[in-house]
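Q: need coordinates for the below:
(3 chains)
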Amino acid sequence: MADGSDPRPDPGAGAVPPGPGGAAAPPASRVTLKVNGTEHDLRLDHRVTLLDALRGHLLLTGAKKGCDHGQCGACTVLADGRRVNSCLLLAVTQDGADITTVEGLGSTAGDLHPLQRAFLERDAFQCGFCTPGQLCSAVGAIAEAAAGHPSHATGADALTDPGPVTLTAEEVRERMSGNLCRCGAYPRIVDAVRDVTA
Amino acid sequence: MKPFAYVRAAGLDEAVAAHARHPGARYLGGGTNLVDLMKLGVESPTALVDISRLPLDGVEELPSGGLRIGAMTRNSDVAAHPAVRARHPVLSQALLAGASGQLRNMATTGGNLLQRTRCSYFQDVSKPCNKREPGTGCGARDGLHRDHAVLGQSERCIATHPSDMAVALAALDADIELYGGDGARTVPAAEFHRLPGDRPEQDTVLRAGEIVTAIVLPAPGRGAVSLYRKARDRASYAFALASVAAVLELDAGRVRRVTLAFGGLAHRPWRATAAETLLVGAEPTPDALRRAVEAELAPARPLRDNGYKVALAANLAVDVLGALAARADGRPRIP
Amino acid sequence: MRHVVLGTAVGRAEGPEKVTGAARYAGDHAPAGCAHAWPVAATVPRGRVTAVDAAAALALPGVLAVLTPHNAPRLGPSDDPTLQVLQDAGVPHRGWYVALAVAETPEAARAAASAVVVTYEAAGHDVGFRADHPGAYTPEEANGGHPAHREHGDPDAALAAAAVRVDCSYAVAPLHNHPMEPHAATALWDEAGGHLTVYDSSQGSGPVRAALASLFGLPEDRVTVVSEHVGGGFGCKGTPRPHVVLAVMAARHTGRPVTLALPRRHLPAVVGHRAPTLHRVRLGARSDGTLTALTHEVTTHTSRVREFVEQAAVPGRVMYAVPDSRTTHRVVALDVPTPSWMRAPGEAPGMYALESAMDELADALGIDPVELRVRNEPATEPDSGRPFSSRHLVECLREGADRFGWASLRTPRREGTVLCGTGVAAATYPVLISPSTARAHALADGRFHVEVNATDIGTGARTVLAQVAADALGVPLDAVTVAVGHTGLPSASLAGGSSGTGSWGWAVHDACAALTARMAGRHGPLPGGGLSASADTAGSAGQKSPYSRHAFGAHFADVRVDTVTGEVRVARLLGVFAAGRILNPVTARSQFVGAMVMGVGMALTEHSSVDPVHGDFAESDLASYHVPVHADVPDIEAHWIDEHDKHLNPMGSKGIGEIGIVGTAAAIGNAFRHATGRRLRSLPLTPDRVLDVLA
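A: Purely as a prediction, here's the structure:
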């Protein structure tokens, strides 16, 4: 560690110009994020969350700020393949991470991810605001089940079986419970997730 | 959120040194609670010492048959670990009953232990709270306290500890390994969290600058069965109104050993030693279980709106112990 | 060949944008040089601001300005006093905005807001809502223009003479809309042209434009409001909210584009809530179940800023044939945030009470609750005497009972420590229609483009309006595009009161019919600019109908009550609706089911309480205010009756966005009673209350 205050000290000015009072720029660091396959070198105020880095600095506004406190799941992205709430991750801590957002799953121009197609076919959304988070969360949840991760819905007997978990409707409901949907598209979301895992 | 310095520590000593160098620093693990509290203004660290990449992750199988869980191991990885699932299902169950899939992927074992109460007065810097700002009073006592403590609370604080995992650890007789400027030490999980007393600002016995480095689980007892059960306001993604973790060993139909801990009732996971004492040597009949549990809960002093927790906790404990007794009866299930 | 597009299952027009993250919501717009604003909420329950010290905030890096009641731009008039932010020192309730920080980044704006030091002179406050509050009064009217008090015959005498009576009190806690998208606005002033453009999260950009024009002293044609994609509203974005006023103020004050996205925890105090309601319902009946008397007396709260009266006694004027009735509202003005619309205001809490009381009456009479409702089916609307344009409540009850297997589920069961039971409740929601305008273009390439300032808040408006247009034009759906969500389009009503499709669709239909007529009179190719036709339904949709027009429905619930934990979960929920012609079964089903999910929340998980000391809603975030999650929601069935009604609009449709939440909580509560033998008369059915009633 170089100076004990900054993992990658930035010799340039701070991320924010001084205020009218001439205040010093807040501490910032250089952060490399690989997002949807593309590497970005950013200089970020330490307070910037991964969500705000994606939305405000990389203009990837698919991930949404529904609560900003890890209570709704609308900001869910995949970090090194695992689903996380990007609103509670400081971007500086993610230096070097491989991030996938909804924009990286598939695009209107290119091929849609099977889960995106299933959401369309099932009408698994209404206002669409929670949808990017639901999609990224479902991608992560499907991978977790395949890797044998149990859930609260996994019975006591199955808990000792480390093999892949079959995603019953009850399993999907429990595993997707970190993603709120106020439009109440839950039953269709469960159907869509099961369509791609069946 | 106030600006802060950021230090990514490469080693334990470096982390402790960086923390000592920055008065007002906080260690950062998964950040699921600390970043939340920083946004609320409840925490305003001058520096974050990021210890999430320290080599403190993974579950190690000890020669004793015990397990050492590195403090940076993510909650989801602990819950999914085959040895944890096989030997201490109560720990997997407790972890899986908490938070969401995303949060469990982020939250560390050490951070889970150190999470702060979700008391709404604690979280709102515009309201009085002795835990957040000693001497300002307790807003919950005369305010809204349906979710608050019924056991061990003080005049100054009626907050509950929110962790599910910590309740299981209390019932498992886990040890918590700490490291700080004065070196390493070990504290039993059941003694790690404090009761509020006159110093509600102090959640745990952790000393300034100390880091939780690992949790050590003893080998499971012969024929031990364990279970976690939680009651909440919605079916998932909600904190416990009350919860129970229990480990039971029977011998010829009588209790050889039992450990019982409650969540959601107190400022710390509540180890039910009085009930355990009454049950050892007894037949786990429904009556015996209820008598023991009610003896444990007799000192409960509920407030205006949280009396239901006493009945709820009693129901949960009797139900969990009864289910374990039925399973433990006769044949051991643990390899 | 006639293309059948109305009534067919069509996927959402904007679906691909929504599943790829390409759909832009109000807070997703980032104009060059955009600054960020963060509001400061009052921390006293009532009083006045005596000083605002912004020095520390302004000294922080990146802070551009702090707006206060002393330096904020002065506003013009508004119909809604909650929009008069930062205009004076008064604090009418905790959470009222007292300052606004504007900074280069969201991080700096948040830090600045918390560094603003506000000094108050606190005044005594009263937030204690109760039915016998001495300040309770009978308002002139309740929300929706309904008379506050209606009385027919002599209900007290009829009750006294009734063979069987029930007299019950019910309580519904305050509820919060909490759409997934917190209110957000991005405002840009074009100083050269003096034009204001605002991206706003709103259910109607037209009313937002009108309000901003008045508040900022501009002609409406110098204000553009865009609400292209809206992340849900459920009523709390029905009219402009303070965030959009603050964003425009900040943009004017700083000369910069400004984005303001409300912090989730602010929503309960500033965007409206469903007011708590206390209900006393008395029913009198003959022993054969014929109702002879009905009284429904509602007490609710409002703020001291604006009177809003949840019209919860209104459904009693429509539902059952009762000669002697009284339906009345009283309201108490308290130092609380201002309540407003939340999905099915009036009907949702009102039908919880009325349909619970009907279940209690069925119990008292020993009559099946489906049959009791069938026996009291009115020939005409009980309150007005007008004929119903269509009413198929009995069919909904009968078909629902069949599909649900009602008859075979009438014995409560016990599975271990879990009690199982079933319940039924009826639903109703009025047909509301507002005049709108629309324009249809025939393009030279053979395609058609329809413009209407409708708002798609997740209802599928774009999709259904394209179906209406294609049907009226007699062309395939893929020949039609529809533009909505922009004040540059022909003006239309807001997305509220389940009135969107009927109101906008009528104008779209008429514009397309006019265009078809114009094209029919032509020969040869279209001119290069194509052909256009417009419609304004002020003369048709604005007419008062001689009919009583309502949608009806029936809910059936199967619930599980855990006697160990007191947890109540819904195992099955089935609804059957009679809501006119269903124009798109895919999006309609999503609307019905989605509202039923919100009904599950109302029944089981959603609860808010006013802190007596501090005067705010204690459950202000999504960790403590429990919106249902996936695990709370079983597979939900929604069905409908094929209803033909010529007295509605050219499509024959009734609104479908709200009726799904009406009656759901009563069906679940009635099932709880069936399972346990105990009645809980307060929502939600949380473990604390359940254990208490089971003890």
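Q: indicate whether stretch B:138-157 makes contact with chain A.
A: No: shown here: stretch B:138-157 not in contact with chain A (CB under 8 Å from any CB of the partner chain), separated by at least 15.5 Å. For glycine as for every other residue, the C-beta is placed from the backbone atoms N, C-alpha and C.
Q: in that stretch, what's buried?
A: Across stretch B:138-157, burial judged by 16 or more other CB atoms under 10 Å in any protein chain shown covers B:138-141, B:143-154, B:156-157.
Q: okay, now B:Gly281: neighbour count?
A: Using other CB atoms under 10 Å in any protein chain shown, the number of residues around B:Gly281 comes to 10.
Q: excluding chain neighbours, give the residue nearest to the residue in the stretch 1-150 of chain B that chain A sits nearest to in space.
A: Residue nearest to chain A within the stretch 1-150 of chain B (CB to the nearest CB): B:Ser100, separated by 2.4 Å. Closest residue to B:Ser100 apart from its sequence neighbours, by CB to CB, 6 or more residues apart in numbering or on different chains: A:Gly178 at 2.4 Å.
Q: before we move on, the earlier item: in helices, which of the buried residues of stretch B:138-157 fall?
A: Of the buried residues of stretch B:138-157, the ones assigned to helices by DSSP state H are B:Gly139, B:Ala140, B:Arg141.
Q: how much space is there between the last one and chain C?
A: So the one you mean is B:Arg141. To chain C, B:Arg141 is 10 Å away according to CB to the nearest CB, to the nearest Å.
Q: that residue contacts B:Asp305, correct?
A: No: at 11.1 Å, B:Arg141 does not count as touching B:Asp305 under the criterion of CB atoms under 8 Å.
Q: care to break chain A down by domain?
A: Using automatic domain parsing, the domain ranges for chain A come out as A:28-104, A:114-197.
Q: is the longest helix seen in chain B up against chain C anywhere?
A: In chain B, taking DSSP H as the definition, the longest helix is helix B:308-328. Yes: using CB under 8 Å from any CB, helix B:308-328 reaches chain C at B:Tyr308, B:Ala311, B:Leu312, B:Asn315, B:Leu316, B:Asp319.
Q: find me the pLDDT at the closest residue to chain B within the stretch 301-450 of chain C, would you?
A: When scored by CB to the nearest CB, the stretch 301-450 of chain C has C:Thr417 as its residue closest to chain B, at 6.9 Å. C:Thr417 is assigned a predicted lDDT (pLDDT) of 97.
Q: burial count for it?
A: Neighbours of C:Thr417 under the rule other CB under 10 Å: 13.
Q: okay, now the unreliable bits of chain A?
A: Flagging of chain A using pLDDT under 70 yields the residue ranges A:1-22, A:108-109.
Q: give me phi/psi at the residue nearest the centre of it?
A: In chain A, the residue lying closest to the centroid (CA atoms, centre = their mean) is A:Val77, at 1.3 Å. For A:Val77, the backbone dihedrals (degrees, to the nearest 10) come out as phi -130, psi 170.
Q: average model confidence for the longest helix of chain B?
A: For helix B:308-328, mean pLDDT is 97.
Q: identify each buried residue in that helix, please.
A: Across helix B:308-328, burial judged by 16+ other CB under 10 Å covers B:308-325, B:327-328.
Q: near chain A at all, it?
A: No: Helix B:308-328 does not reach chain A (CB under 8 Å from any CB); its nearest approach is 8.5 Å.
Q: for that helix, packing partners?
A: Other helices and strands packing on helix B:308-328, by 3 or more CB pairs under 8 Å, 6 or more residues apart in numbering or on different chains; DSSP states H and E, are strand B:225-231, strand B:242-251, strand B:254-263, helix B:286-297, helix C:687-694.
Q: picking that back up, contacts only, for the residue of the stretch 1-150 of chain B closest to chain A.
A: B:Ser100 makes contact with A:Gly70, A:Gly73, A:Asn85, A:Ser177, A:Gly178, A:Asn179, B:Ser236, B:Tyr237 under the criterion CB atoms under 8 Å, 6 or more residues apart in numbering or on different chains.
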